[in-house]
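Q: what's the 3D shape of this:
(chains A and B)
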Amino acid sequence: MQTLVRTEPRPEQVAPRRPRWRRRTTVEAYALLAPSIAGFAVFLLAPIVIVAVLSLYDWNLLSDPEFIGLENYRELAADERALQSIGNTFYYVLLNIPVQTVLALLLALALNAKIKARNTFRVLYVLPWMAMPVALGVIWRWVFDPAYGALNRFLALFGIDGAAWLTDSAWAMPVIASVNVWQYTGYTMLFFLAGLQAIPAQLYEAADVDGASPVHRFFTITLPLLRPAMMFVLITSVIGSFQVFDTIHVMTAGGPAGSTATLNYQIYLESFTQRNAGYASMLAVILFAVIALITLAQAAFFRKRTVYDFS
Amino acid sequence: MNKTRPAALAALALALPAGLAACGGDDGGPVTLRYAFWDDNQRPALEAMIAAFNEEHPDIEVELEQNPWEDYWAGLDSRFAAEEAPDVFWNHVSRFPTYASNGVLLPITDDIEDDGLDTSIYPENLYNSWQFEDEQYGLPKDWDSIALVYRLDALEAAGIDPATVGDLEWNPVDGGTYVEFLQKLTVDANGNNALSPDFDPENVVQYGTAMSSNTGQTDWWNYAVQNGCSLQTEPWGDYAIDAPECVEAIQFTADLYNKWHVAVPAESTNQPNGGVPGDYVVPGQAATTLDGSWMLSFYRDGLEPGTWAVADNPSGPVGSGTVINGLSNAIYAGTEHPDEAWELVKFLGSEEAQAIATGMGSVWPGVSSLNQDFADYWAGEGIDVTGFQTAAEGTTIGYPLSMNDAAFGTAAMDEFNQVWLGTKDAQAAAEAVVAIANAE
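A: Numbering: from 1, shown residues only, chains lettered A, B, ... in the order given. Sure thing, here's the model as predicted:
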C-alpha cells in the first residue's frame, strides 16, 4: 500500500532555487506574458477603476458626469428595488449552486464508471454549456409559456394545470435557476471527472480489502481527494452565479415585480433604461465587493483543509 | 516572438487602408452616414428612399442600423456616451425632451432657413412637436394612430356583421357592446363563447382581443383617453394617471383580462418579453386588437388578402379617441458630417421621399398632401384605413411629453404588468407609478 504523504497546503508553490541560466528564460516568460498583462490592464483593471470612479458621479450618459461624492452610496439604503435585487441575487445563488454542484458530482461519478457509450453521454451533458445562453433562453421561455408553452401542454395531458411559470413571482426565480442548472451542470461535471481520474485506483483497492462500503469510500476517499476540483468548481461557479444576466434578460427581464432582477440585472436597468450610469456603477462596486468577499472566504475555507499529494 | 512580428505587420498593413478610407470624407470624397431605426417592418421603404437619395447624392453612402425598440434606446444612449452615435436616427417624442435638453441633437433651424424649406407641407402640430427652446430638431417622418384591427373570418364564425364593428361602445360598469362583441369572439375548446354558461376560461382557443404594449399606446392608453383621462396634467406637466377616470380605465383593461376573460392572458402578452398584438392576431389566437397604423404591413404580410380589416376604435364614456404620435429623423450633434446628414434628413422629410414610403403602404406620411396616397395604397389592398384618420380627430390627445419618460415607462410597465396579471390593485399601481415618475 502506498504511503499517504501529508504536506503543507499548496506545496507546489515552494519552488527550488533558480539556477542562473534560467534567468534569461524569465525575461522571455515576461515578454510572452506581456500581451495578456496588457489585455488584463486594458480590459479588466481599467474598467474596474473607471467604474469605481464613476460611482462617485451623477451621469445620465448624455451630458458630462457631475461629481457627487458618496451620494450614490447613501441613496442605496433607501432604494427598495436595489435592496430587493441583492436579496434576489443570494436567493438565486442558493437555488443554483448546491443543486448544480451535487448533480454535477453525481453525474461525474456515474460517467466515471465503465458504462457503455460513456463518451457519448459525457458530450451530451456538456452540450447545453456550449450553446448560446440567449438562444436557449428564448427556447425555454417558449417551453414555459403558460398558455402556448410545451410544458403546460404536456402537463395538461395528465390533467395537471401548470403554473404561470415566468409571471408568478414564486415560480420565476426557481425556473430560471433550474434552466441555468441544466445549462451548466455538464460543464461543472467535467472538472469533477478530471478530479476523479486523478485519484489512484490503489486507494479504492485497499479500501475494498478493508471492507469499506461504497458510501464510506465516497466520503473518506473520493470527496477528500476531490478537494482541489471542488475548490475550483465552487469558486468559479459562485462567481458566475452572482453575475447571471442573459437568462434573466431573455426569460423575464427581471419581472414580475422585480422578483427576478438580480443585482447584475439591476445594474443594467439603472444604467440603460434609467440612464443612471453613476448609480449603476455604485451597484457594480457593491457587486464586486460581495463577490470578492465570498471568494476570499471560500479560498480561506479550502486553504485550511489538508491537500493530499501523491507525487 | 519572431514569428509574431510579420503577422503584426500584416495586420497593420491591412488596417492602414481602412484607416485612410475612414478619413476620406474630410476632403469632399465619398461619405458614409449611419442611419439608425427600430422598426424592421419599414426597412423596405427606407431602402427605397435611400436608393432615390443616392440618385442625387451618389457620394453619400447610407448604412442602415436596425435595433428593435426594446434595445434601440439603450444602444443609442450608450453610443451617445461613447460619442459614436449614428449620424442620423429615428427620434420619438418620448425621448425628444431629454435628448434636446442634453445637447445630443443637432439643431436644424438655420439649415431650414438657408435652404428656404417650405415647412407648411407638414401639419403644424406635427412640425412643432420637434421644437425645443426655439430650435427645430427634426423633420416629421410620419404620424401614427391606433385603430381596431380584426379578422373577418373570426367575425363570420361568430355571426357578427362587420358593418357594426365601427359602432361599438364600452363602459366601466357592464362593459357595453364592445365587451359583448369580444365575448362572442372568445371561444373555448368546446366551441362555447364567453357569453355561454358552459364557457371554460381555462381552455380558450381564440380570444376576443390581444393587448400588449411597451408603453401603453396599444393597450390601456386607448381606454384611458376614451374615458377622459389625459395621462398628464398638461404637456410637459406631471403624470396624472392616478385620477379617477384613469384608474377606471386601467381597471377596465384589467377586467378584459381577468373579469371578462376576453384578452390573451397577461402571462403571455406582458412586456417586454411578450409578443406584439399582431403576433396573436395573425396565428388566430386573438380575433381583434387595437393596433398602430405602422403595423399595417405586418398584417398584410401575415394574413391572406380579404381576411382582415380595420375599423374605428370603440367609444368609451367620452369618445373614441386615442393617442397620436409621430417620428422624426434627427441628426446627432457629434456627427462628423453635419452637411451630408442634413441633406439626408431634408430628403427623407421631402414630399418626393415620403411618396415612396406611402406608395409602399409603409406609414402615414409627415407630409399632409400624401395622406390620400397612403389611403389609396391600402384601398388597393382591399383595406379601408380611414379608421386611423378618424382616430386622429376628436378626443384624441398627443403623446405624453416629459423629461421623466424613462422613469414613467419603466414604472408603468412594472406596475401594470402586475395589474394585468391580477396580482395588484389598479389604484395602488397608478399611485406607485405617479410617485416614481413625478419624483425626479
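
Q: tally of neighbours for B:Trp236?
A: Other residues lying near B:Trp236 total 11 when counted by other Cβ atoms under 10 Å in any protein chain shown. Where you see a C-beta, it was placed from the backbone N, CA and C, and this is true even at glycine.

Q: Looks like it contacts B:Ser402 (just checking).
A: Yes. B:Trp236 is within contact range of B:Ser402, at 6.6 Å (criterion: Cβ atoms under 8 Å).

Q: Quickly list what's touching both of these two.
A: B:Pro97 (Cβ atoms under 8 Å, 6 or more residues apart in numbering or on different chains).

Q: Let me see the ranges of the strands in the stretch 151-300 of chain B.
A: For the stretch 151-300 of chain B, the strands defined by DSSP state E, counting those that start in this stretch cover B:187-188, B:204-209, B:286-292.

Q: distance between stretch A:44-53 and the chain's centre?
A: Relative to its parent chain, stretch A:44-53 has a centroid offset of 22 Å by Cα atoms, centre = their mean, to the nearest Å.

Q: Near chain B, which residues of chain A are found?
A: A:28, A:31-32, A:60-63, A:141, A:145-148, A:161, A:164, A:166-167, A:169, A:250-253, A:255-258, A:269, A:272-275, A:277 (Cβ under 8 Å from any Cβ of the partner chain).

Q: Enumerate the positions of stretch B:331-339 that are buried.
A: Across stretch B:331-339, burial judged by 16 or more other Cβ atoms under 10 Å in any protein chain shown covers B:Ile331, B:Tyr332, B:Ala333, B:Thr335, B:His337, B:Pro338.

Q: would you turn those residues into a markdown table with secondary structure, distance to B:Phe89 and pLDDT?
A: Converted to a markdown table, those look like this (DSSP: H, G, I helix; E, B strand; the rest coil; distance: Cβ to Cβ, whole Å; pLDDT from 0 to 100):
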| residue | secondary structure | distance to B:Phe89 | pLDDT |
| --- | --- | --- | --- |
| B:Ile331 | strand | 8 | 97 |
| B:Tyr332 | strand | 7 | 97 |
| B:Ala333 | coil | 12 | 96 |
| B:Thr335 | coil | 10 | 96 |
| B:His337 | coil | 14 | 96 |
| B:Pro338 | helix | 14 | 96 |
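
Q: Out of the strands of the stretch 151-300 of chain B, which gets nearest to chain A?
A: strand B:204-209 (8.3 Å; Cβ to the nearest Cβ).

Q: Could you identify the most distant pair in the buried residues of stretch B:331-339?
A: Within these, B:Ala333 and B:His337 form the most distant pair, 12.5 Å apart (Cβ to Cβ).

Q: tell me the centre residue of chain A?
A: Taking Cα atoms, centre = their mean as the criterion, A:Ser237 is the residue nearest the geometric centre of chain A, at 2.1 Å.

Q: what's the following helix or strand after the host helix or strand of that one?
A: Assessed by DSSP states H and E, A:Ser237 sits inside helix A:227-242. Proceeding N to C from helix A:227-242, the next assigned helix or strand is helix A:246-251, under DSSP H and E.

Q: just checking, what packs against the following helix or strand past that next one?
A: Remark: after helix A:246-251, the chain's next helix or strand is helix A:263-272, criterion DSSP H and E. With contacts defined as 3 or more Cβ pairs under 8 Å, 6 or more residues apart in numbering or on different chains; DSSP states H and E, the packing partners of helix A:263-272 are helix A:80-112, helix A:246-251, helix A:277-304, helix B:69-81.

Q: and helix A:263-272 with helix A:277-304, angle?
A: 160 degrees (axes from the mean of the first three to the mean of the last three Cα atoms, to 10 degrees).

Q: give me every residue that touches the residue lying closest to A:Val181 once chain neighbours are set aside.
A: Leaving aside its chain neighbours, A:Val181 sits nearest to A:Gln100 (4.6 Å; criterion: Cβ to Cβ, 6 or more residues apart in numbering or on different chains). Taking Cβ under 8 Å, 6+ apart as the criterion, A:Gln100 is in contact with A:Asn180, A:Val181, A:Tyr184, A:Thr185, A:Thr188, A:Ser237.

Q: what separates B:Val433 from B:Glu304, distance-wise?
A: 41 Å (Cβ to Cβ, to the nearest Å).

Q: of those two, who's got more company?
A: B:Val433 (24 against 9).

Q: In three-state terms, label that one for me.
A: Judged by DSSP: H, G, I helix; E, B strand; the rest coil, the three-state class of B:Val433 is helix.

Q: ok, and the closest non-adjacent residue to it?
A: Using Cβ to Cβ, 6+ apart, the closest residue to B:Val433 is B:Ala411 (4.6 Å).

Q: Make sure the one you found is indeed in a helix.
A: Yes. Counting by three-state DSSP, B:Ala411 is located in a helix.

Q: hang on, the earlier thing: closest to B:Val149 among the buried residues of stretch B:331-339?
A: B:Ile331 (34.1 Å).

Q: So which of the helices and strands packed on helix A:263-272 is the most surrounded?
A: helix A:246-251 (a mean of 21; mean count of other Cβ atoms under 10 Å in any protein chain shown).

Q: which ones are touching the residue nearest to the centre of chain A?
A: With Cβ under 8 Å, 6+ apart, A:Ser237 has these contacts: A:Asn96, A:Ile97, A:Gln100, A:Thr101, A:Tyr184, A:Thr188.

Q: So which of the residues you listed is the closest to B:Trp221?
A: When these are compared for distance to B:Trp221 (Cβ to Cβ), A:Asn96 wins out at 39.2 Å.

Q: Buried ones in stretch B:89-103, by neighbour count?
A: B:89-100, B:102.

Q: Where do the domain boundaries of chain B fall?
A: B:31-144+B:326-377, B:146-321+B:404-437 (automatic domain parsing).

Q: Pick the most deeply packed of these.
A: When the domains of chain B are compared using mean count of other Cβ under 10 Å, domain B:146-321+B:404-437 is most buried, at a mean of 20.

Q: shaky segments in the chain?
A: Since no chain was named, I'll use chain A. For chain A, the stretches with pLDDT under 70 are A:1-23, A:306-311.

Q: that answer is for a different chain, and I need it for chain B
A: B:1-28, B:440.

Q: again, 80 this time
A: B:1-29, B:394, B:440 (pLDDT under 80).

Q: Which residues of it lie near chain A?
A: B:1, B:73-74, B:77-78, B:80-81, B:98-99, B:102-104, B:202, B:264-268, B:270, B:272-273, B:285, B:406-407, B:409-410, B:414, B:417-418, B:421, B:423-424.

Q: could you pull out the helices for the stretch 201-350 of chain B?
A: Using DSSP state H, counting those that start in this stretch, the helices of the stretch 201-350 of chain B run over residues B:220-226, B:244-258, B:266-269, B:278-281, B:296-302, B:338-348.

Q: counting contacts, what elements does the last one pack onto?
A: Based on contacts counted as 3+ Cβ pairs under 8 Å, 6+ apart, the elements that helix B:338-348 packs against are strand B:31-37, helix B:43-56, strand B:60-66, strand B:88-92, strand B:139-144, strand B:323-331.
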